[in-house]
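> Mind looking at a prediction? Sequence and model below.
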Amino acid sequence: MDFINEIAALIKIDGADDRDVRTTVTVAADSAFGDYSLPCFRFAKTLKKPPAEIAAALQREISSDLPEFIERVDAAGGYLNFTLDKSFFARSVMNGIFEKGADYGASDDGAGRTVCIDFSSINIAKPFHIGHLGTTVIGAALCRIFKKLGYNVVGINHLGDFGTQFGKLITAYKLWGDRDDIERRGLRALADIYVRFHKEEEENPALVAVAREWFLKIERGDSEALELFGFFKDVTMKEVEKTYVRLGVSFDSYAGESFYSDKMQPVIDELRQKKLLTVSDGASIVDLSEYGMPPCLILRNDGASLYATRDLATIFYRKKAYGFDKCLYVVAYQQNLHFKQVFKVVELMGYPFYKDLIHVAYGMVSLEDGAMSTRKGNMVYLSDVLDKAKEKALKIIAEKSPDLKDAEDAAEAVGTGAVIFGALINNRIKDNVFSYDKILNFDGETGPYLQYTCARCNSVLEKAGVRISYDKIRGIEASFSDGTESFNSRHIAGGEAYELVKLLGKYPEILRSAMKNYEPSLVTRYLVDTAQSFNRFYIADKILDGDVSVKAARVVLTAAVMSVIKNGFEIIGVKPVERM
RNA sequence: GGGUCUGUAGCUCAGUCGGAUAGAGCAACGGCCUUCUAAGCCGUUUGUCGGGGGUUCAAAUCCCUCCAGGCUCGCCA
């Protein structure tokens, strides 16, 4: 139940409408005050009374007829503080978690609505590096969040599989390529000849003309060119798929740039017909000066299409094919202007759904010694990062849990978990300087910390003789209580236990907020808060101790924590670990 | 120069549609394993919330302005 709304409904203030009251009710700054508060200062003017007096008067009114979910109401200075009935509240939260299990926090808010999410969008024949980590895990998390809230989600990997770069690659391959080497070393071998091309090009500019020729051959459907391009694409997809599997990421569509190469002409025609296209320096542009933006380039002076042209074709195709209610682009903020321009052009073309196009921008990754560059071969491969993280996890396991079975699996989960967590803990707009020291830190606010907490829960539950899975969680409370009591305030008397219950109750709201703000870090951060709270509880209140009913309640609470953490793990793509 | 984002503890960051003493983690130092996983917990220490104005009963949060940094500004994507 929504306690803020329930509480707001109790409060009647002359001259203030219900909405004012509802938006003023807040979560209490400190549990010592209560659970929720109404600061009365803003009503002082209309009521012509000091805030403290208003609070006191409201306190008298409301106290006379308290609903069962409120234990007490206090006036403190200008604040009116509400303390919930802990038993009622805890039961309400626990029941929600046990009844819904894996569906806790789910809703049908998005029923009948479709959202397209364009993310990861790697380039064929180029390294899958740490720069791609952000878009990949943020996009995947957003897909899961929207799905959980009832939306139909289409995850799209908009492949970079079009452009002169492929002409360059074929040229390089014809000159120095070795098919066996490429089959063996994959993207690294392709990167090598690509780098070499750029080096040799400086001394031999004629190579560029050769590259252009090869790209034209691809476009014209020349069989050799297509065969080679297909080969590069196969090599790429085979290799990146392994990394996607490790990250737990999948897509509904891989339609990339080349897919739209024959879908641009109608857009160009429509722009012309709507008199939006003007010619400037030989190029065709949409003038956006009226909106304080540089022009959007549609056709080069040689008539070739551009990035924006393809993005427009993509938008109209997706609208037609999926009928999206929202289309998200999880793309780095370097392209802020590009998307602003393209969306503006859609608006100028007269399509109201321009409002549903959203650029979910995220910060850039750089190396400690500067920016990454494919051409210079200066980059960190994502698969290397995952490998090193696993290796480190394996080392720690050997130290701390030498008897662990399935150490390999645990290390893979923990290492990958650390990497994913690192990309999802901060607000997505923040820049990131990559360092192995940082990403391989497993102490404090990290993925392994969350997994460790999960393993701790699991261990307690095993000792308690409870095997937890979502479908079985429902019976636990019954089997552990002595039959005469259900979850009540005595069981959560310790401050830590109650704080934990409050946090668990917040999860559904966190998911909604993460969706609204396109911000998976809210979920990650919430999991950290919950894990911290559980670990404090674990130390403060010995779980498998005390009388039968207190013990039962604590075990139930532990099961609830594990359930919610696993639930959150599914969202952010971190794998739970039973032992580590 | 225009646009835009960022600026909070030594470092990395939460908190920002205004609310009660500004919070975590890392790093440092000191405690806690006679048994629910010490990848943990507790304690100590550190703040001109970039500067200055303004609005308000109340500002890290809203407005103005300045400063610093990132990104971006026609034929790459």
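Everything's here; your move. Residues are numbered from 1 along each chain as shown, chains lettered A, B, ... in the order given.

> for stretch A:30-43, the distance to its chain's centre please.
Shown here is stretch A:30-43, whose average C-alpha point lies 32 Å from the average C-alpha point of the whole chain (Cα atoms, centre = their mean, to the nearest Å).

> List the contacts of that stretch.
In this structure, residues lying in contact with stretch A:30-43 by Cβ atoms under 8 Å, 6 or more residues apart in numbering are A:3-4, A:7, A:11, A:13, A:15-16, A:20-21, A:24-29, A:51-52, A:54-55, A:58, A:72, A:74, A:76, A:78-84, A:89, A:495, A:498-499, A:502. Every residue, glycine included, has its C-beta placed from N, CA and C.

> just those that are near RNA strand B?
Within the set of those, contact with RNA strand B (Cβ under 7 Å from any atom of the strand) is found for A:24, A:26, A:28, A:29, A:51, A:76, A:78, A:79, A:81.

> for residue A:127, helix, strand, or coil?
What DSSP: H, G, I helix; E, B strand; the rest coil gives for residue A:127 is coil.

> how much space between it and RNA strand B?
When distance is defined by Cβ to the nearest atom of the strand, to the nearest Å, residue A:127 is 15 Å away from RNA strand B.

> in chain A, what spans have low per-residue confidence?
A:1, A:377, A:467-494 (pLDDT under 70).

> in it, which spans are strands?
Taking DSSP state E, the strands of chain A run over residues A:26-27, A:36-39, A:70-76, A:79-84, A:114-118, A:152-156, A:277-280, A:283-286, A:296-299, A:326-332, A:357-362, A:365-367, A:432-434.

> ok so, going back, could you export the ones next to RNA strand B among the contacts of stretch A:30-43 to a markdown table, including columns for distance to residue A:194 and neighbour count?
Output for those, formatted as a markdown table (distance: Cβ to Cβ, whole Å; neighbours: other Cβ atoms under 10 Å):
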| residue | distance to residue A:194 | neighbour count |
| --- | --- | --- |
| A:24 | 60 | 19 |
| A:26 | 56 | 12 |
| A:28 | 59 | 15 |
| A:29 | 56 | 12 |
| A:51 | 68 | 19 |
| A:76 | 67 | 15 |
| A:78 | 66 | 20 |
| A:79 | 64 | 20 |
| A:81 | 65 | 22 |
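
> which one among those residues gets closest to residue A:457?
Proximity to residue A:457 was ranked across these by Cβ to Cβ; first place goes to residue A:28, at 27.7 Å.

> What about that closest one? Give its phi and psi, please.
Backbone torsions for residue A:28, taken as degrees, to the nearest 10, come to phi -60, psi 140.

> circling back to that earlier point, please convert the strands of chain A to TSV, extending it with distance to residue A:191.
As requested, the strands of chain A are arranged in TSV below (distance: least, Cβ to Cβ, whole Å):
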stretch	distance to residue A:191
strand A:26-27	51
strand A:36-39	57
strand A:70-76	64
strand A:79-84	59
strand A:114-118	25
strand A:152-156	25
strand A:277-280	37
strand A:283-286	32
strand A:296-299	29
strand A:326-332	20
strand A:357-362	24
strand A:365-367	16
strand A:432-434	18
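
> quick one: contacts for the residue of chain A found nearest RNA strand B?
Of all residues in chain A, residue A:444 sits closest to RNA strand B, with a separation of 2.0 Å (Cβ to the nearest atom of the strand). Contacts for residue A:444 were tallied using Cβ under 8 Å, 6+ apart; there are none.

> how close does it sit to residue A:421?
Applying Cβ to Cβ, to the nearest Å, the value for residue A:444 to residue A:421 is 11 Å.

> got it, and residue A:309?
Counting by Cβ to Cβ - residue A:309 and residue A:421 are separated by 38 Å.

> go on, residue A:182?
Distance of residue A:182 to residue A:421, computed by Cβ to Cβ: 34 Å.

> what about these two, which has more around it?
residue A:421 (24 against 20; other Cβ atoms under 10 Å).

> Hmm, the more buried one is touching residue A:450, no?
Yes: counting by Cβ atoms under 8 Å, residue A:421 does reach residue A:450; the two are 7.0 Å apart.

> what do the two both touch?
Between them, residue A:421 and residue A:450 share the neighbouring residues residue A:574, with contact defined by Cβ under 8 Å, 6+ apart.

> Let me see the contact set for the closest residue to residue A:63 other than its chain neighbours.
Spatial nearest neighbour of residue A:63, excluding adjacent residues (Cβ to Cβ, 6 or more residues apart in numbering): residue A:73 at 5.4 Å. Neighbour list for residue A:73: A:58, A:59, A:62, A:63, A:66, A:80, A:81, A:82, A:83 [criterion: Cβ under 8 Å, 6+ apart].

> right, and residue A:248 touches residue A:137 too?
No: using Cβ under 8 Å, residue A:248 is not in contact with residue A:137; the gap is 9.1 Å.
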